[in-house]
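**Student:** whatever this is, show me its structure:
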Amino acid sequence: MQGLHLLADLHACACPPAFLLDAAALEAFAVGACRRHGLTVVGCLFHQFRDAAGRAAGVTGTVVLAESHFALHTWPEIRGVTLDVYVCNFSADNSALAHGLFAETIAAFTPGRVDRQAVKRGELAGPAAAPA
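**Tutor:** Numbers count the residues shown, from 1 in each chain. Coordinates of the predicted model:
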């Protein structure tokens, strides 16, 4: 259960507009990035949103990893992206892999501003207590 959850809000992204609008391109990038950083892809789902006129309007997507998950959500109308990378560290410390994936993804969107958070999850205080 112990792991690292990295979160970011990317603002004023200067990437090509299509990168915020094209679910297939974003999925290919996300899956490739996970693999480049040594994470194990077990599945993914990316959804292309459309506006009332049927034009591409943003993407939400998740890559399911053996180590946990990687999720992206784009708002092309405000050139924004939310990003989260969560890895568990059950059999190995995957923190460096998560940081590498996180940094590559942020760089790919070329944001003008980044708000970041890192959360250690599932920290155990000591030996597990016996059930009452």
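**Student:** buried stuff in the lowest-mean-pLDDT helix or strand in the chain?
**Tutor:** Counting by mean pLDDT, DSSP states H and E, the chain has its least confident helix or strand at helix 17-21, which shows a mean of 93. Residues 19-21 are the ones in helix 17-21 that count as buried (16 or more other Cβ atoms under 10 Å). Using the backbone N, CA and C atoms, a C-beta is placed for each residue, glycine as well.
**Student:** just for the protein, where's the confidence low?
**Tutor:** For the chain, applying pLDDT under 70 flags the ranges 125-132.
**Student:** residue contacts, Leu7?
**Tutor:** The neighbours of Leu7, taking Cβ atoms under 8 Å, 6 or more residues apart in numbering as the test, are 82-84, 116-119.
**Student:** so what's it bridging to?
**Tutor:** Beta-bridge pairing of Leu7 under DSSP bridges involves Asp84, Gln117.
**Student:** report the contact partners of Arg35.
**Tutor:** Counting by Cβ under 8 Å, 6+ apart, Arg35 touches Val41.
**Student:** pretty sure it sits in a helix.
**Tutor:** Yes. Remark: Arg35 belongs to a helix, assigned using DSSP: H, G, I helix; E, B strand; the rest coil.
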